[in-house]
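J.: Would you be able to build a 3D model of this:
(one chain, ligands or ions: 1)
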Amino acid sequence: MLDVKNLFAGYGIVPVLEDVSLTAEAGKILLIGGENGAGKSTLLRAIAGFNKPTAGEVLLDGQRVNGMAPEQIAKTGMRLVLDGHRVFPELSVFDNLRMGAAARPGDRAGFDRAVEEIYSVFPILKEKHRAYARDLSGGQQQMLALGQAFVAQPRVLLCDEPSMGLAQSLMPQILSFLRRWAEEGTAVVIVEQHLSVTAPYADDALIIERGKVKFTCPAAELDDRLAAISAD
Ligand SMILES: Nc1ncnc2c1ncn2[C@@H]1O[C@H](COP(=O)(O)OP(=O)(O)OP(=O)(O)O)[C@@H](O)[C@H]1O
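T.: Model (predicted):
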């Protein structure tokens with residue numbers, strides 16, 4: 001579904017990504033890890049069009065999307081959820097979800113079903129559906145940011161550090177939700193620092209080091225691969 005081929009990107013004249021290739025398939029979760037500053041967020045931004053690649057290709061179902069504006073890329077079915085809870089603080093929980101649905105106008109029944117599902121996965125959002133997003137805790141805002149993306153029903157979900165600012169105890173709930181979401185047919189890409197917590201929910205893993213792909217492997221083998229590297 002999503003194919004990234006030999007991608008180069010950076011900021012101004014400063015190169016960050018060098019020759020990065022990856023594939024994300026419908027129904028699967030690809031976990032991307034790497035040290036701080038390795039280029040993980042830059043990769044997601046470049047895929048979603050917020051950072052213009054200097055070379056290489058981003059293909060969605062074989063169609064080239066790099067070079068398009070981010071809003072055009074979003075219309076192809078790609079959705080980026082940034083770390084740091086980018087919700088609309090002055091809107092209620094429900095209105096934030098409605099903003100998410102702006103990407104698929106006219107599908108009221110689909111929206112209602114998606115909201116019901118979000119509320120059943122994160123009951124706290126149902127309890128607080130009239131509350132301002134700014135009055136939610138960090139973890140609740142993260143749930144809302146995911147909910148906003150969910151109601152948009154993207155084909156590819158790019159999720160930057162879903163654990164950012166979350167109590168560790170909330171991670172299984174969020175990761176299980178992403179797992180079920182992928183199983184419904186979405187290609188999910190997660191950038192995450194907490195690799196061993198996240199890997200059991202993922203199918204494939206890719207590690208970036210200084211802007212380059214260091215290795216890829218099945219997510220189930222990630223811990224062993226990392227242990228072998230640190231033993232060297
Ligand atoms: N807006 C920007 N302008 C210039 N350089 C940037 C910008 N954002 C990131 N960088 C640089 O690009 C490199 C990669 O950053 P990036 O945020 O993609 O890494 P990361 O792997 O996501 O790290 P982290 O886990 O800390 O978020 C770093 O050297 C960073 O300083």
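J.: quick check, Phe215 in a strand?
T.: Yes: counting by DSSP: H, G, I helix; E, B strand; the rest coil, Phe215 is found in a strand.
J.: Please determine how far it is located from Gln72.
T.: Using CB to CB, to the nearest Å, we find Phe215 at a distance of 33 Å from Gln72. C-beta coordinates here come from the backbone N, C-alpha and C atoms, glycine included.
J.: quick one, helices of the protein?
T.: Per DSSP state H, the chain carries helices over the ranges 40-48, 70-75, 93-100, 108-121, 123-127, 138-152, 171-183, 195-198, 222-231.
J.: any idea how far the residue most central in space within the chain is from the ligand?
T.: For the chain, the residue nearest the mean C-alpha position is Cys159 (1.4 Å; CA atoms, centre = their mean). Using CB to the nearest ligand atom, to the nearest Å, we find Cys159 at a distance of 13 Å from the ligand.
J.: try Asp232
T.: Counting by CB to the nearest ligand atom, the gap from Asp232 to the ligand is 22 Å.
J.: Measure how buried the spatially closest residue to Ile174 that is not a sequence neighbour is and give me the count.
T.: The shortest distance from Ile174 to any non-neighbouring residue, by CB to CB, 6 or more residues apart in numbering, is to Pro162 (5.3 Å). Look at Pro162: counted by other CB atoms under 10 Å, it has 24 neighbours.
J.: where's Pro162 relative to the ligand, distance?
T.: Distance of Pro162 to the ligand, computed by CB to the nearest ligand atom: 13 Å.
J.: per-residue confidence for that residue?
T.: Looking at Pro162, its pLDDT stands at 86.
J.: Then the one 5 residues further on?
T.: We have a pLDDT of 77 for Ala167.
J.: May I have the residues that are in contact with it?
T.: Going by CB atoms under 8 Å, 6 or more residues apart in numbering, Ala167 touches Gly139.
J.: gap between it and Asp107?
T.: As judged by CB to CB, Ala167 and Asp107 stand 34 Å apart.
J.: One more: Lys126?
T.: In this view, Lys126 and Asp107 are 21 Å apart by CB to CB.
J.: And Val4, by the same measure?
T.: Val4 sits 29 Å away from Asp107, going by CB to CB.
J.: just Arg155 next, same as before
T.: Taking CB to CB, one finds Arg155 at 15 Å from Asp107.
J.: Grab the nearest non-local neighbour of Arg225.
T.: In space, Arg225 is closest to Cys217, 5.3 Å off (CB to CB, 6+ apart).
J.: what's the neighbour count on the one you found?
T.: Cys217 - counted by other CB under 10 Å - has 15 other residues nearby.
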